[in-house]
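> okay, predicted coordinates and the sequence, questions at the end:
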Amino acid sequence: QVQLVESGGGLVQTGGSLRLSCAASGTIFSIDSMVWYRQAPGKQRELVAGITRGGITNYADSVKGRFTISRDNGKNTVYLQMNSLKPEDTAVYYCKADRIQTTNRGAHYDFWGQGTQVTVSS
């Protein structure tokens, strides 16, 4: 009944930009913090950026100054604007909702999307 769907990934050259979106759908009442993670081949999944419902953000040091996370609570959507992309940003990007409250008073914790591939060519 609840889904997180990422979009906006693709192939881009070094120095280029992409904007990822993660839209939640279903019987949603509210969503707490939302977080972008990424996983490169052969590496562990790592946190990229997070944002609370009130808009407080945090970033991994490797993306500070290049990536910007934002959200639209009315659309249940979180965004990741990625600028000055580097080959080392190549990964599958996932969004996660820490808690999704549903309209029937239920809740989903640590709810993940399916991921979107970002490839940065050198």
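Sure, I can see it. Because the structure is predicted, anything quoted here is derived from the model rather than measured.
> how about Tyr59, what does it touch?
Going by C-beta atoms under 8 Å, 6 or more residues apart in numbering, Tyr59 touches Val48, Ala49, Phe67, Ile69. (C-beta placed from N, C-alpha, C; glycine too.)
> likewise for Val78?
Ser21, Cys22, Met34, Trp36, Ile51, Ile69, Ser70, Arg71, Cys95.
> and the nearest residue to Gly8 once chain neighbours are set aside, bridged to which residues?
The shortest distance from Gly8 to any non-neighbouring residue, by C-beta to C-beta, 6 or more residues apart in numbering, is to Leu20 (4.2 Å). Following DSSP bridges, Leu20 is listed with bridge partners Leu80.
> ok, which stretches of the chain are strands?
3-7, 10-13, 18-25, 28-31, 34-39, 46-51, 57-59, 67-72, 77-82, 91-102, 107-112, 116-121 (DSSP state E).
> same list (these) but as TSV, adding mean pLDDT.
As requested, the strands of the chain are arranged in TSV below (pLDDT from 0 to 100):
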stretch	mean pLDDT
strand 3-7	96
strand 10-13	98
strand 18-25	97
strand 28-31	94
strand 34-39	98
strand 46-51	98
strand 57-59	98
strand 67-72	98
strand 77-82	98
strand 91-102	96
strand 107-112	93
strand 116-121	98
